[in-house]
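Undergrad: Sharing a model that was predicted from the sequence below.
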Amino acid sequence: MVDIGFNMCCNDWIVLCVSNIKRYEILCISYTQFLAMQYKHRYDIPSALHQQLQDYMPPSSSYETNFNLLYTIYSIPNVILPLFGGNIVDRFGAPRCLTLFAILVFMGAIFLSIGVSNQSWHVMYLGRFVFGLGAESLCVAQSTIVSDWFEGREVAFAMGIGLSISRLGSIFNNMISPKVANENGITSAFRIGGLLTFVSVAMAMLIVVVDRRGERKLKKGRVMQSLTLALLEHTDTNVGEEGEGNRENEGDVFAENNEQSTKPCTAVVESEVHITDIRKFGPLFWLLTISCFVVYGCVLPFNNVASGILLERNFFMSSPTDCHLTYPNQCTEGYLQNGTNSALDSSGEICSVAPTQAPVLPTAINHSSSDSKRSSEWEESTYTYISLTSKDVDCGDSFWMEACTSNYCTKQNEATEQAGKVMSIPYLISALSSPPLGHLVDRIGKRAQIAVVSSSLLFVVHLTLATSASSPIGPMVGQGVAYSLYAAVLWPSVPLTVPKLYTGTAFGVITSIQNIGLALFPLMIAGIYNASGSYIPNVEFFFMGCAVAGVIVGIYMNVLDRRYGNKLNRASSDEDCDEDEILFGVREDGNGDFAHVDDDDDEYFSPLMT
């Protein structure tokens, strides 16, 4: 459930909306949370800095594997933890768990920034592991709270708002992090992201307070309404056809009213939940879980390497193979290069390097600190490369950026920033469309059918990326539409496939299965890349295979849903909850806020208001 979270689960502010706070209160708190999401340090920041991290870390032929391990290490603990996290949420309540999970996320982000500063993959892995300990369970707690407060009404819409805010964090990460890294160093981008996660800890604490106040008001409304209904029923039985009281049934009437006050939409079940209860989950839930496993396999892992794919395919392609430098053993541009060192083609003419291609690099260089008075700005004392490759160039080092290959580094920095903007398109579409799509899904249903449509669209997207050299804008738009459609129907479908008692456990199970894929797929992608030496087309063929599997599972899910009474494809109904609004002592006003039903006043139902 990484898109509710990984992002990572920074959309805690939606729970405040769920608690029916006034609009101006929601606005103030959501802006505060929005700041915490700008760098999306929780999950997405390595993907936006793929090239910068490669330049910064010590040269290694296994960089792609090391990089993808950042995502695998994150997902490994979440293969198991969400099972217990969901169960813990069901047993002890989601509000109590939020702060603990948020603190783990904050600690992981700090460890990650320390690892980057020390160029240590092992410390970075530790940070991602600790980060993963809390992030997915935090998402389970959030999803449980949202589905509980919005049960039977606007679950998909509420989750869509949360997803929208989370995607805005990803957008800012993709657009701003490369720029910060290029101008101030990659360590600055990671440090800022680590510090901002502390805001989420404060938000989790605030949500605990808000939720508790709201629950107290709801419980008070239930008790008072039950007593009122009992008294009314007692009056009715006393004024019967014969005008005689029926006091012998008084106890039964009160019990009946208490039973009515615990309808499915508002049931408070006292049974203890165990992890072994997953055996009671039906085939529809497991089919939904398999769909999540394969479809998210071509969404989140794609974003992990999207920057590299876009650089290779569109913005920083390989230099022309028939070009060579006039002086192959000298720098190309910078204060160490006297005169010019033009790239020539096989006929001796100036080589034509396209704007989307990388400048030609020297084949070998040999420089030391004695070659320049500005060598104190360099990170190394000597730069000797018998056979120079692009992997040896660190554009964060002043030697490469200003002294020797400034034309190469300037173009690469521009390309990474451009790639960051383009890879933000799916998240921008998701941010804008998730709330209205969620509202639409609540109204029309068709969840399983939409899942098939989104999987089919993902197949077309990755087929285009794999087999054509067209602009990436179209495929990225398609990726965003498909992602938004699928997310709008997947997570709100979970509570429809299990009894309410097991909602948190169900979210934990599906998150756990999802993370099995998110742990395996990055390593598979790294293996494909290492075997072929490029992302295109083989890595894209892998994503196409995931999309095809999603289509097949989606079709079968529609068949099974039809057998089970169209639980997924039917529209949400408010009819089952109309009476519960009365029993709770609250009602919905014309503006979508909840007002406390009281004879003396008619105020907003807000846990923050005393």
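TA: Here it is on my side, so go on. Numbering: from 1, shown residues only.
Undergrad: how far is stretch 555-565 from where the chain is centred?
TA: Relative to its chain's centre, stretch 555-565 lies at 28 Å (C-alpha atoms, centre = their mean, to the nearest Å).
Undergrad: what's the answer for stretch 353-370, then?
TA: Centroid separation for stretch 353-370 versus its chain: 38 Å, with C-alpha atoms, centre = their mean.
Undergrad: How about stretch 197-204?
TA: Taking C-alpha atoms, centre = their mean, one finds stretch 197-204 lying 17 Å from the centre of the chain it belongs to.
Undergrad: and that stretch, which residues are buried?
TA: Neighbour counts over stretch 197-204 (16 or more other C-beta atoms under 10 Å) mark 197, 198, 199, 200, 201, 203, 204 as buried. The way it works is simple: take the backbone N, C-alpha and C, and place the C-beta from them, glycine included.
Undergrad: Tabulate these in a markdown table, adding columns for distance to residue 166 and secondary structure.
TA: Putting the buried residues of stretch 197-204 into a markdown table (distance: C-beta to C-beta, whole Å; DSSP: H, G, I helix; E, B strand; the rest coil) gives the following:
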| residue | distance to residue 166 | secondary structure |
| --- | --- | --- |
| 197 | 14 | helix |
| 198 | 18 | helix |
| 199 | 14 | helix |
| 200 | 12 | helix |
| 201 | 17 | helix |
| 203 | 13 | helix |
| 204 | 15 | helix |
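Undergrad: wait, which of these is closest to residue 435?
TA: Among the buried residues of stretch 197-204, residue 203 lies closest to residue 435 (C-beta to C-beta), at 19.8 Å.
Undergrad: Quote the end-to-end distance of stretch 361-370.
TA: One end of stretch 361-370 to the other measures 23 Å (C-alpha to C-alpha, to the nearest Å).
Undergrad: Would you tell me which one of the buried residues of stretch 197-204 comes nearest to residue 361?
TA: Ranked by distance to residue 361 (C-beta to C-beta), the buried residues of stretch 197-204 are led by residue 197 at 38.0 Å.
Undergrad: Distance check, the closest one against residue 135.
TA: Distance of residue 197 to residue 135, computed by C-beta to C-beta, to the nearest Å: 10 Å.
Undergrad: for residue 485, same thing?
TA: Residue 485 is 24 Å from residue 135, by C-beta to C-beta.
Undergrad: Residue 553 now?
TA: Residue 553 is 26 Å from residue 135, where distance means C-beta to C-beta.
Undergrad: Between those two, which has more neighbouring residues?
TA: For residue 553 versus residue 135, neighbours defined as other C-beta atoms under 10 Å are more numerous around residue 135 (32 against 21).
Undergrad: List the buried residues of whichever strand or helix holds that one.
TA: Assigned by DSSP states H and E, residue 135 falls within helix 121-149. For helix 121-149, a neighbour-count test (16+ other C-beta under 10 Å) marks 121, 123-149 as buried.
Undergrad: do the same with stretch 170-186
TA: 170-182, 185-186.
Undergrad: Which residues outside that stretch are in contact with it?
TA: The contact list for stretch 170-186 (C-beta atoms under 8 Å, 6 or more residues apart in numbering) reads 7, 37-41, 44-45, 47-49, 52-53, 56, 116, 188-189, 192-193, 303, 395-396, 413, 416-417, 419-421, 423-424, 427-428, 431.
Undergrad: low-scoring stretches of the protein, by residue?
TA: The model of the chain has pLDDT under 70 over residues 1-42, 82-83, 85-87, 95, 147-163, 214-275, 572-610.
Undergrad: which stretches of it form strands?
TA: Remark: strands assigned in the chain by DSSP state E are 324-325, 343-344, 365-368, 382-385, 586-588, 594-596.
Undergrad: returning to that earlier point: in TSV: the buried residues of stretch 197-204, plus distance to residue 438.
TA: Shown next, in TSV, are the buried residues of stretch 197-204 (distance: C-beta to C-beta, whole Å):
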residue	distance to residue 438
197	26
198	29
199	25
200	23
201	27
203	22
204	23
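Undergrad: of these, closest to residue 534?
TA: Nearest to residue 534, judged by C-beta to C-beta, of the buried residues of stretch 197-204 is residue 197 at 34.4 Å.
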